[in-house]
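Novice: I'll drop the sequence and a predicted model, then ask my questions.
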Amino acid sequence: MPVVFEKVSYEYSKGTPFSRLALKGISLEIKEGESVCVLGATGSGKTTFVLLSNGVLFPTEGYVSVDGLITTDKQSNIKEVRKKVGVVLQYPEHQFFLPTVKEEILYAPKNFHSTNSADLEKSLNDTLELLEIKEEILDRNPFELSGGEKRRVAIASVLSYSPKYLVMDEPLVGLDSKARSQLLDFLKKYREMKKTWIVVTHDVDAFLFTADRFLVFHEGAVVFDGKRNEFIENALERLEDWGLRPSTKLRFLKRLTGKDLQTINNDQELETILFSSKIVDCESLR
């Protein structure tokens with residue numbers, strides 16, 4: 001079953017002089033197995049969408065349901081919703097509160113699933129392998145790690161209890177090129193495993209070869225919802241209106257045919273096709 005937003009609005013500080021409408025009647029559905037990139041400028045409503053997805057916030061109007069559990073329904077167990085939708089915040093430090101990496105990773109499985117030592121050990125080992133986290137950092141304080149390590153530990157602390165839906169808010173912020181590549185490789189691998197993930201970002205380029213579906217938020221509304229090829233073909237001219245910067249990579253992709261687009265999975269393949277089709281040549285790069 002899917003994650004459903006049905007005519008959802010959210011107003012911060014409702015009924016006060018400081019009220020602000022962050023989302024305006026959005027309706028969408030995230031199906032199992034989808035990899036979704038949610039784009040939008042600062043203030044477009046992306047983070048509010050994240051916090052509504054697992055019941056940290058509740059809609060002012062409309063409803064959010066996760067596998068049939070409506071977050072505002074008193075009959076629903078909100079713990080079950082949060083067990084199904086794992087959220088990784090923009091700043092990993094905001095999730096850390098235990099003295100070691102190992103304790104951070106095992107906290108959720110202990111609370112959601114089991115305290116059986118064999119089960120916990122398997123959960124830990126599976127998560128370390130999936131995210132390529134080295135065992136030698138398990139006894140370190142998570143606040144002392146590098147930016148990339150913190151990000152992976154934050155993701156590990158969510159993946160360790162096997163949520164059905166993984167939601168990440170601006171996961172590439174502050175990462176160097178190596179850490180960015182590692183995170184994108186993980187998401188590609190997770191997609192191949194048919195796992196559902198949603199990434200919220202303002203970085204148009206980063207997930208073009210990683211996500212299958214693209215949503216664009218603008219001023220609290222969903223202004224675009226479509227597959228990658230549809231996004232490349234139809235969204236480029238409108239990005240500036242939505243507060244996003246159209247990139248050179250997106251411009252090049254726009255010039256390719258549908259058949260070529262289907263075969264491209266990374267920057268190297270894009271470069272090869274651009275040169276072979278003579279859209280770009282060595283002389284023009286001099």
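Specialist: Nice, I can see it. Numbering: from 1, shown residues only.
Novice: for residue 1, give me its contacts.
Specialist: By C-beta atoms under 8 Å, 6 or more residues apart in numbering, the contact list for residue 1 reads 32, 67-68. Any C-beta I mention is one placed from the backbone N, CA and C, and that applies to glycine too.
Novice: again with residue 187
Specialist: Taking C-beta under 8 Å, 6+ apart as the criterion, residue 187 is in contact with 35, 197, 199, 207, 210.
Novice: you'd agree residue 216 is in a strand?
Specialist: Yes: per DSSP: H, G, I helix; E, B strand; the rest coil, residue 216 lies within a strand segment.
Novice: give the bridge partners for it, please.
Specialist: residue 39, residue 224 (DSSP bridges).
Novice: residues contacting it?
Specialist: Residue 216 makes contacts with 38-40, 222-225, 235, 242, 244, as judged by C-beta under 8 Å, 6+ apart.
Novice: equivalent analysis for residue 125, please.
Specialist: Contacts of residue 125 by C-beta under 8 Å, 6+ apart: none found.
Novice: any idea which element it lies in?
Specialist: Taking DSSP states H and E as the criterion, residue 125 maps to helix 117-131.
Novice: identify the residue nearest the geometric centre of the protein.
Specialist: Nearest to the mean C-alpha position of the chain, by C-alpha atoms, centre = their mean, lies residue 199 at 1.5 Å.
Novice: where in the chain is pLDDT low?
Specialist: Across the chain, the ranges flagged by pLDDT under 70 are 257-263, 277-286.
Novice: which non-adjacent residue is nearest residue 50?
Specialist: Once flanking residues are discounted, residue 50 sits nearest to residue 169: 4.9 Å by C-beta to C-beta, 6 or more residues apart in numbering.
Novice: and for that neighbour, the neighbour number?
Specialist: Applying other C-beta atoms under 10 Å, we find 20 residues neighbouring residue 169.
Novice: distance-wise, check it relative to residue 250.
Specialist: Applying C-beta to C-beta, to the nearest Å, the value for residue 169 to residue 250 is 22 Å.
Novice: pull out the buried positions in stretch 102-109.
Specialist: Across stretch 102-109, burial judged by 16 or more other C-beta atoms under 10 Å covers 102-109.
Novice: ok and the strand or helix carrying residue 104 relative to helix 117-131, angle-wise?
Specialist: Per DSSP H and E, residue 104 falls inside helix 101-112. Here helix 101-112 runs at an angle of 120 degrees relative to helix 117-131 (axes from the mean of the first three to the mean of the last three C-alpha atoms, to 10 degrees).
Novice: contact partners of helix 101-112?
Specialist: With contacts defined as C-beta under 8 Å, 6+ apart, helix 101-112 is touched by 79, 83, 95-98, 119-120, 123-124, 127-128, 133, 137-142, 145, 153, 156-158, 160-161.
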